[in-house]
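**Student:** pasting the structure only:
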């Protein structure tokens, strides 16, 4: 790496970070609001910090290729990235980037770039958005670094297998695949051994790309940080049991970025510890995310990124708070499985168990448990056109939530949309279904 | 002059209905018109007529429903068609069960409990296949008056399978069947069958509790009622004015 690259990297990231810090300070002073405060509590004080963290993450990414000391890996959201971080990889999550495009309302434009070369609109809108960004260079985050290595784990879907092969072909870089056998009911020791071996075999490949030796001590420390952050995130979600709920699922959707893309970092642990403190202050003062919380609901599946504010306000106006979700819980429920003293084996076990890698019965049980523990009045099941593995089984799950054998059945609504593509969302139809559902709860 | 104590207006995709109820909640007055593109103007005109019709000058509640409910600026309250149809039908038929409302551009199946509350509902997805539009499109294409579609379909026992569930593709399928010499009656019978099968799928989602009740404009089509009975084995009952039930339920909510 040349000296000019090194200077370029250092100067730009230093200036960029200072600018992001200034933006945060200003936002903290102004206490700006994301939501309409007639029905919703002011946004969390920590929100400008989230924005700064995401900004810094992508800023680092923008200049990562100029940094001689770090290599870049692109990874799926459920991939075991801790071992890569132990070799100091800068890890970029294309799914998160696609979600950023979604909230920035850039998906139509960027996804069309992929559709124009033949990628079908039936393919996941995250994949289309990222492939579109890869082909055109369009992105709301400045610039994405080129990957030196790709890591795809099949614990979230099978699309990632094909998607990452496209990336590997385009960038001409090595692709590591971690295959996680589907868990219908219970996992087996040989499944754990199988995943563990794949992780161990991936190490020398990553070492070669990184030009660095794998540091097991660092790996243990990063696993510990991942575990601690996941535990804190889990506590954040547990606080939703309070009535009124101090934060809603819409807050969680925004504040979950660090746990997904900055797992294994000390600042992520600090961030969630501070967030928890702020939430506890809210509880002490009796502040609810929805000012007049009358009904409490569950959200199943990914968010509808391009309509977060619309949905949050629409429901809050009607006294409805969504306080628990299977989606945000996915980054919390695995916390106990991480064992820093045994990072390979516990990592294999952890990454075998995401909700999407388990049978539909497990999700149903999770939802039923949430209904009970969070004292919920109903559930909204987002039938996500893009995420087939998350949506399969929802018709039966809805039916069983409704007719719970224990007599604790709750109303449930199947809401058709797409997590990232606004062209698959009919606002009028969604509004009628939501309004009718709320009327039914009254 | 009529004793009207509350008004309900149902601004649908195909027709606009306005209903006035008396103090006892009886359907006292109504008007029904094809929906015009300028909803606000049409609503204002209909409200002027209602104003001349009612006996007192006192201001009365107006509840709006239907897809255009947001455009009724004069409304004191806005409620969805699901709640309104359930309210109207329950008030007239006086019992719970499964209500099927087939409108011009959407269909709903609503489970009503014995107290008249909505327990669950399903709506057609982003497609007009299980709706009145499905029949309307073919009627236009075949030059059969809309009100004759049902009787023509019932005039035969022969039935042609319409495999497409898409309104647009079904139209081309029908044209091709005509070109191949299939009888119009048998085609129309098959067309109704195809619509009913979609409705029955929605009924299965919500669950069938007898009797099956029918509302919405399409309820006036006799083939729909007969085939719903055939496909579900449950008796189908209708309110006196199925098309007005949304507006009637809305008016009741204003009382």
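**Tutor:** Noted; the coordinates are in hand. The model shown is predicted, which means the values in this text are computed figures rather than measured ones. Residues are numbered from 1 along each chain as shown, chains lettered A, B, ... in the order given.
**Student:** which one is residue 156 nearest to, not counting chain neighbours?
**Tutor:** I went with chain A, as the question did not name one. Leaving aside its sequence neighbours, residue A:156 sits nearest to residue A:78 (C-beta to C-beta, 6 or more residues apart in numbering or on different chains; 4.4 Å). For the C-beta atoms, the positions are set from N, CA and C on the backbone; glycine is no exception.
**Student:** that was the other one, I meant chain B.
**Tutor:** Counting by C-beta to C-beta, 6+ apart, the residue nearest residue B:156 is residue B:185, at 3.9 Å.
**Student:** how close does that neighbour sit to chain A?
**Tutor:** Between residue B:185 and chain A the computed distance is 34 Å (C-beta to the nearest C-beta, to the nearest Å).
**Student:** how about the helix or strand harbouring that residue: buried residues?
**Tutor:** Per DSSP states H and E, residue B:185 falls inside helix B:184-206. For helix B:184-206, the neighbour count (16 or more other C-beta atoms under 10 Å in any protein chain shown) marks B:184-196, B:198-200, B:202-203, B:206 as buried.
**Student:** give me the distance from that helix to the chain's centre.
**Tutor:** Computed by C-alpha atoms, centre = their mean, to the nearest Å, the separation of helix B:184-206 from the middle of its chain amounts to 16 Å.
**Student:** please apply the same query to stretch B:81-95.
**Tutor:** 12 Å.
**Student:** buried residues, that stretch. List them.
**Tutor:** B:81-93.
**Student:** again, but for stretch A:396-416
**Tutor:** Neighbour-count burial for stretch A:396-416 [16+ other C-beta under 10 Å]: A:397-402, A:409-416.
**Student:** that one: end-to-end distance?
**Tutor:** 15 Å (C-alpha to C-alpha, to the nearest Å).
**Student:** tell me if that stretch is near chain B.
**Tutor:** Yes. Counting by C-beta under 8 Å from any C-beta of the partner chain, chain B has neighbours in stretch A:396-416: A:399, A:402, A:411, A:416.
**Student:** check what pLDDT the residue nearest to the first one when sequence neighbours are not counted gets.
**Tutor:** Taking C-beta to C-beta, 6+ apart as the measure, residue A:399 lies nearest to residue B:205, with 7.7 Å between them; neighbours along the chain are not counted. Among the per-residue scores, residue B:205 shows a pLDDT of 89.
**Student:** OK, contacts around residue B:205?
**Tutor:** A:395, A:399, B:109, B:122 (C-beta atoms under 8 Å, 6 or more residues apart in numbering or on different chains).
**Student:** average pLDDT across the helix or strand containing residue A:199?
**Tutor:** Taking DSSP H and E as the definition, one finds residue A:199 inside helix A:189-210. The pLDDT scores in helix A:189-210 average 98.
**Student:** list the buried residues of it.
**Tutor:** Buried, per 16+ other C-beta under 10 Å, within helix A:189-210: A:191, A:192, A:194, A:195, A:196, A:198, A:199, A:202, A:203, A:206, A:209, A:210.
**Student:** again with stretch A:349-364
**Tutor:** By 16+ other C-beta under 10 Å, the buried positions in stretch A:349-364 come out as A:349-358, A:362-364.
**Student:** nearest to chain B among the residues you listed?
**Tutor:** If you rank these by distance to chain B using C-beta to the nearest C-beta, residue A:364 comes first, at 16.8 Å.
**Student:** hmm, that closest one is touching residue A:400, no?
**Tutor:** Yes. Taking C-beta atoms under 8 Å as the definition, residue A:364 is a contact partner of residue A:400 at 5.8 Å.
**Student:** common neighbours of the two, please.
**Tutor:** Counting by C-beta under 8 Å, 6+ apart, nothing touches both residue A:364 and residue A:400.
**Student:** and the most centrally placed residue in chain B, what does it touch?
**Tutor:** Central residue of chain B (C-alpha atoms, centre = their mean): residue B:216, 1.6 Å from the mean position. By C-beta under 8 Å, 6+ apart, residue B:216 lies in contact with B:85, B:100, B:101, B:102, B:103, B:107, B:132, B:242, B:243, B:245, B:246.
**Student:** ok, 6 Å please
**Tutor:** Residue B:216 makes contact with B:101, B:102, B:103, according to C-beta atoms under 6 Å, 6 or more residues apart in numbering or on different chains.
**Student:** just among the residues you listed, which is most surrounded?
**Tutor:** Of all the contacts of residue B:216, residue B:101 has the most neighbours under the rule other C-beta atoms under 10 Å in any protein chain shown, reaching 29 neighbours.
**Student:** how about the residue of the stretch 1-150 of chain A found nearest chain B: what's its closest non-neighbour residue?
**Tutor:** Chain B sits closest to residue A:121 of the stretch 1-150 of chain A, with a gap of 13.6 Å, by C-beta to the nearest C-beta. Distance criterion C-beta to C-beta, 6+ apart; nearest residue to residue A:121, sequence neighbours excluded, is residue A:115 at 6.1 Å.
**Student:** chain A: strands as residue ranges?
**Tutor:** In chain A, the segments counted as strands under DSSP state E are A:72-75, A:90-92, A:149-153, A:175-178, A:295-300, A:320-325, A:378-384, A:412-417.
**Student:** now render those as JSON lines, adding mean pLDDT.
**Tutor:** Below are those laid out as JSON lines (pLDDT from 0 to 100):
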{"stretch": "strand A:72-75", "mean pLDDT": "98"}
{"stretch": "strand A:90-92", "mean pLDDT": "97"}
{"stretch": "strand A:149-153", "mean pLDDT": "98"}
{"stretch": "strand A:175-178", "mean pLDDT": "98"}
{"stretch": "strand A:295-300", "mean pLDDT": "98"}
{"stretch": "strand A:320-325", "mean pLDDT": "98"}
{"stretch": "strand A:378-384", "mean pLDDT": "97"}
{"stretch": "strand A:412-417", "mean pLDDT": "95"}
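**Student:** go through those and pick out the most buried.
**Tutor:** strand A:320-325 (a mean of 29; mean count of other C-beta atoms under 10 Å in any protein chain shown).
**Student:** and that strand, what does it pack onto?
**Tutor:** Strand A:320-325 sits against strand A:295-300, with contacts defined as 3 or more C-beta pairs under 6 Å, 6 or more residues apart in numbering or on different chains; DSSP states H and E.
**Student:** got the angle between the strand it packs on and strand A:412-417?
**Tutor:** Here the directions of strand A:295-300 and strand A:412-417 differ by 50 degrees (axes from the mean of the first three to the mean of the last three C-alpha atoms, to 10 degrees).
**Student:** pretty sure the residue nearest to residue A:156 is touching residue A:154, no?
**Tutor:** No. Assessed by C-beta atoms under 6 Å, residue A:78 is found out of contact with residue A:154, at 8.8 Å.
**Student:** of those two, who's got more company?
**Tutor:** residue A:78 (28 against 21).
**Student:** what sits against the more buried one?
**Tutor:** Contacts of residue A:78 by C-beta under 6 Å, 6+ apart are A:153, A:155, A:156, A:354.
**Student:** so what's residue B:60 up against?
**Tutor:** Going by C-beta under 6 Å, 6+ apart, residue B:60 touches B:5, B:6.
**Student:** now name the helix or strand holding it.
**Tutor:** Counting by DSSP H and E, residue B:60 is part of no helix or strand.
**Student:** tell me the pLDDT of it.
**Tutor:** The model reports residue B:60 with a pLDDT of 95.
**Student:** gap between it and residue B:50?
**Tutor:** Here the criterion is C-beta to C-beta, to the nearest Å. By it, residue B:60 lies 9 Å from residue B:50.
**Student:** ok, residue B:43 next?
**Tutor:** Note on residue B:43: its distance to residue B:50, by C-beta to C-beta, is 10 Å.
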